[in-house]
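[1] Task: produce atomic coordinates for the following.
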Amino acid sequence: MVCNLKGRHFLTLADFTREEIETFLETAKDLKLKAKRGEFPPILSGKSLAMIFEKPSTRTRVSFEVAMYQLGGYALYLSKSDLQLGRGETIADTARVLSRYVDCIMARVYSHSTVEELAKYSSVPVINGLSDKYHPTQVLGDLLTVWEKKGKFEGLKLVYVGDGANNMAHSLLYGATIMGMDITICSPQGYHPDKDVLEKAREFAKRSGSKVEIITDPKEGVKGADIIYTDVWVSMGQESEKEARMKIFQPYRVDTALVSMAKEDAIVMHCLPAHRGEEITDDVMDGPRSVVFDEAENRLHAHKAILALVVI
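    Numbers count the residues shown, from 1 in each chain. Sure, this is the predicted structure:
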């Protein structure tokens with residue numbers, strides 16, 4: 001089923017049905033196959049993307065910029081110092097002005113309310129390239145990777161090990177439950193997902209027939225896992241908490257011993273950048289179970305699909 005997604009904002013996966021997410025994934029897969037054959041359909045010829053970065057990035061910037069280029073469009077990088085956004089101009093006015101110049105806005109920001117306000121006042125689609133609460137573009141690439149490696153979603157168990165209150169855990173909760181995967185969030189007390197996210201994920205799980213589990217013991221959590229997922233223990237903006245977090249999350253390191261407790265064919269994922277030796281060890285990151293760099297590549301193809309489908 002191919003859904004019409006033109007003009008839609010892409011702020012969180014909770015805004016989309018399973019059929020709509022499947023349309024994104026099918027488009028990403030098709031564009032990836034074309035790219036492997038050296039085919040780059042110029043479907044966004046003459047279109048432009050404004051990329052707002054309050055936070056620096058490697059993968060988000062490069063993948064969106066290359067995605068626009070390969071689809072025939074143009075991407076404009078706008079750091080915080082390039083905009084009047086931090087010097088008195090409102091988010092609403094910024095959205096109104098950029099809408100007159102470009103065909104789409106991608107924003108990587110500190111606060112989720114920023115992308116929500118951009119979307120409220122923008123007359124062109126707004127894509128959430130990362131906020132403090134959600135990272136939906138990453139998880140779309142993750143879903144593409146799971147589909148490629150496992151061939152399905154139903155019946156799979158995804159275990160996220162680490163900070164359950166961060167944007168990755170929140171977006172994985174939505175992505176997994178919408179698509180019918182069981183998901184276990186394994187995190188210390190005080191670092192569990194936000195209640196509103198958990199409640200919505202459980203609603204999605206009820207519809208899809210999947211399960212949501214929140215536990216604190218990583219060894220128990222990874223039993224029967226098809227996918228082990230981890231992320232940094234200290235995200236941008238949490239540097240003052242580093243010392244405390246390093247102690248709290250020590251038992252949640254994804255190492256060979258922990259991975260051995262999952263299924264024999266379990267894969268290991270990480271959204272990157274990785275702090276090797278902290279949340280994940282070198283032997284796991286570079287080992288046969290790791291699909292981390294396939295996952296990183298799929299960000300490009302997922303972003304191409306989003307742009308191809310939402311830009312009018």
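
[2] alpha carbons only for contacts and neighbour counts from here, please
    OK.

[3] got a list of what residue 224 touches?
    Residues in contact with residue 224 (CA atoms under 8 Å, 6 or more residues apart in numbering) are 157, 261, 262, 263.

[4] cool, residue 280 as well?
    Here residue 280 is in contact with 230, 253, 254, 255, 274 (CA under 8 Å, 6+ apart).

[5] The closest residue to the fourth one other than its chain neighbours: what's it in contact with?
    Okay, so that is residue 255. Closest residue to residue 255 apart from its sequence neighbours, by CA to CA, 6 or more residues apart in numbering: residue 281 at 5.4 Å. For residue 281, the contact set (CA under 8 Å, 6+ apart) comprises 253, 254, 255, 256.

[6] Quick check: the gap between residue 281 and residue 287.
    Going from residue 281 to residue 287 by CA to CA, to the nearest Å gives 10 Å.

[7] cool, and residue 104?
    39 Å.

[8] Could you export stretch 222-233 as CSV, CA atoms only?
    The C-alpha coordinates for stretch 222-233 follow below in CSV (Å, rounded to 0.1, in the frame of the first residue of the first chain):
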residue,chain,number,x,y,z
VAL,A,222,18.7,-9.5,26.6
LYS,A,223,17.5,-13.1,26.9
GLY,A,224,15.8,-14.1,23.7
ALA,A,225,16.8,-10.8,22.0
ASP,A,226,16.9,-10.6,18.2
ILE,A,227,18.3,-7.1,18.3
ILE,A,228,20.4,-5.4,21.0
TYR,A,229,20.5,-1.6,20.8
THR,A,230,22.5,0.9,22.7
ASP,A,231,23.4,4.6,22.8
VAL,A,232,25.7,6.9,24.6
TRP,A,233,25.3,7.3,28.3
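
[9] Who wins on neighbours among the contacts of residue 224?
    Within the contacts of residue 224, residue 157 tops the neighbour count with 25 neighbours, counted by other CA atoms under 10 Å.

[10] Wait, that residue touches residue 227, no?
    Yes - the criterion here is CA atoms under 8 Å, and residue 157 meets it with residue 227 at 6.4 Å.

[11] what comes up buried for stretch 225-233?
    Residues 225, 226, 227, 228, 229, 230, 231, 232, 233 are the ones in stretch 225-233 that count as buried (16 or more other CA atoms under 10 Å).

[12] Mind picking the two most distant members of those residues?
    Using CA to CA, the pair of the buried residues of stretch 225-233 lying farthest apart is 226 and 233, separated by 22.2 Å.

[13] Give me the pLDDT value at residue 65.
    pLDDT for residue 65: 98.

[14] Compute the number of surrounding residues for it.
    Neighbours of residue 65 using other CA under 10 Å come to 22.

[15] Just give the closest residue to it, not the sequence neighbours.
    residue 75 (5.4 Å).

[16] Wait, that neighbour touches residue 48, no?
    Yes - between residue 75 and residue 48 there is a contact at 5.7 Å, judged by CA under 8 Å.

[17] Overlap in contacts, the two.
    residue 68.

[18] In the chain, where is pLDDT below threshold?
    Scanning the chain for pLDDT under 70 picks out the ranges 1, 84-87, 236-237.

[19] just the strands in it please.
    48-53, 74-79, 104-108, 126-130, 157-161, 182-186, 212-215, 227-230, 267-270 (DSSP state E).

[20] count of neighbours near residue 278?
    Considering only other CA under 10 Å, residue 278 is surrounded by 18 other residues.

[21] quick one, what contacts it?
    232, 233, 250, 253.

[22] residue closest to the middle of the chain?
    residue 138 (2.2 Å; CA atoms, centre = their mean).

[23] What sits closest to that residue if chain neighbours are left out?
    That would be residue 299: by CA to CA, 6+ apart, it lies 6.3 Å from residue 138.

[24] Run a quick neighbour tally on the one you found.
    27.

[25] separation between it and residue 30?
    Residue 299 is 14 Å from residue 30, by CA to CA.

[26] got it, and residue 131?
    Taken as CA to CA, the span from residue 131 to residue 30 is 28 Å.

[27] and the two most separated of the contacts of residue 280?
    Greatest spatial distance in the contacts of residue 280: 255 and 274, 13.4 Å, computed using CA to CA.

[28] hmm, back to that, mind listing what the residue nearest to residue 138 touches?
    Here residue 299 is in contact with 59, 60, 63, 137, 138, 140, 141, 142 (criterion: CA under 8 Å, 6+ apart).

[29] out of the residues you listed, who's nearest residue 169?
    residue 138 (11.3 Å).
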